[in-house]
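>>> turn this into a model:
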Amino acid sequence: MPQTLFTARSGGVSSREFTSFNLALHVGDLAAHVMTNRDLLASALSQRQPIYMNQVHGNLAIEVSSANSKAITADAIFTSEVGLPLVVLSADCLPILISAKGAVAAIHAGREGLINGVISNCIQGMRAIGAIDFEAQIGPAICANCYEVDMQMYLELTDRFPNLATEGSRHALNLRAEALAQLKELGVKVSIIDICTAESENHFSYRRDGKTGRGAGVIAL
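Predicted coordinates for the structure are as follows:
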């Protein structure tokens with residue numbers, strides 16, 4: 001049975017600007033502190049070393065194993081290897097964990113990834129290696145009330161992706177609704193952790209804080 005978890009801000013080692021359990025190396029935190037936090041996470045999993053992605057807001061989904069776990073640039077990774085934890089980092093974007101018979105996946109789905117097919121690319125990749133019976137967990141992420149964009153972007157994106165729409169007066173995007181629609185269209189059962197990162201002080205939020213850390217979603221087969 002696949003195991004999943006989502007981290008929050010509390011715990012770990014931190015510097016003055018990163019006062020919590022940051023797991024990202026690219027945000028300006030001290031690398032030694034981040035690696036200590038990653039070691040703490042790995043020890044809590046009691047399995048092999050987790051695989052992290054270099055996330056670039058793209059749509060690439062890559063199959064990984066313990067033999068090809070280094071320097072992976074992608075926004076979705078999947079594996080059929082038992083006991084190999086996969087990690088997605090986020091601080092407002094959707095961290096999506098996919099479990100299935102025969103494989104698991106971790107997806108980083110922000111605005112660009114969603115509209116460019118990162119979810120479908122990942123599910124297709126998993127099906128290509130024989131995975132069936134999919135379920136998804138959407139972890140803590142920014143809610144529709146907090147993700148305002150400029151009016152031109154709002155009109156352009158909601159015209160192409162109606163599930164992103166909220167109220168025109170607020171011109172905010174509903175990333176969760178779009179992800180939910182895409183997953184259901186692909187035949188995936190979905191559960192959502194209803195926590196807004198921008199509203200929760202116990203979660204990282206780039207929109208709220210600017211310079212901030214990243215939390216993790218982790219899954220293993």
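
>>> now do the buried residues in the longest helix anywhere in the chain.
With residue count as the measure and DSSP state H as the assignment, the chain has helix 31-45 as its longest helix. Counting neighbours by 16 or more other CB atoms under 10 Å, one finds that the buried residues in helix 31-45 are His33, Val34, Asn37, Arg38, Leu40, Leu41, Ala42, Leu45. Bear in mind the C-beta positions are built from the backbone N, C-alpha and C, glycine included.

>>> which residues are in contact with the last one?
The neighbourhood of Leu45, defined by CB atoms under 8 Å, 6 or more residues apart in numbering, consists of Pro85, Val218, Ala220.

>>> of the residues you listed, which is the nearest to Met126?
Nearest to Met126, judged by CB to CB, of the contacts of Leu45 is Ala220 at 14.8 Å.

>>> name the nearest residue to the residue nearest the centre of the chain, sequence neighbours excluded.
Nearest to the geometric centre of the chain sits Pro95, at 2.1 Å (CA atoms, centre = their mean). Nearest non-adjacent residue to Pro95, counting by CB to CB, 6 or more residues apart in numbering: Gly217, 3.6 Å away.

>>> roughly how far apart are the residue lying farthest from the centre of the chain and Cys146?
Ranked by distance from the centre of the chain (CA atoms, centre = their mean), the top residue is Ser169, with 28.4 Å. Distance, Ser169 to Cys146, by CB to CB, to the nearest Å: 15 Å.

>>> any idea which helix or strand carries Thr158?
helix 151-160 (DSSP states H and E).

>>> how far does that helix sit from the chain's center?
23 Å (CA atoms, centre = their mean, to the nearest Å).

>>> ditto for stretch 36-47
Relative to the centre of its chain, stretch 36-47 is centred 18 Å away, using CA atoms, centre = their mean.

>>> now that stretch: average pLDDT?
Average pLDDT, stretch 36-47: 86.

>>> what about the closest residue to Gly11 other than its chain neighbours, how many residues nearby?
Leaving aside its sequence neighbours, Gly11 sits nearest to Phe21 (CB to CB, 6+ apart; 4.7 Å). Residues within reach of Phe21, counting by other CB atoms under 10 Å, total 23.

>>> isn't Ile77 up against Leu86?
Yes - look at Ile77 against Leu86 with CB atoms under 8 Å: they come within range, at 5.3 Å.

>>> identify the contacts common to those two.
Ile51, Val64, Ala105, Ala106.

>>> before I go, just wanted to say thanks for your time.
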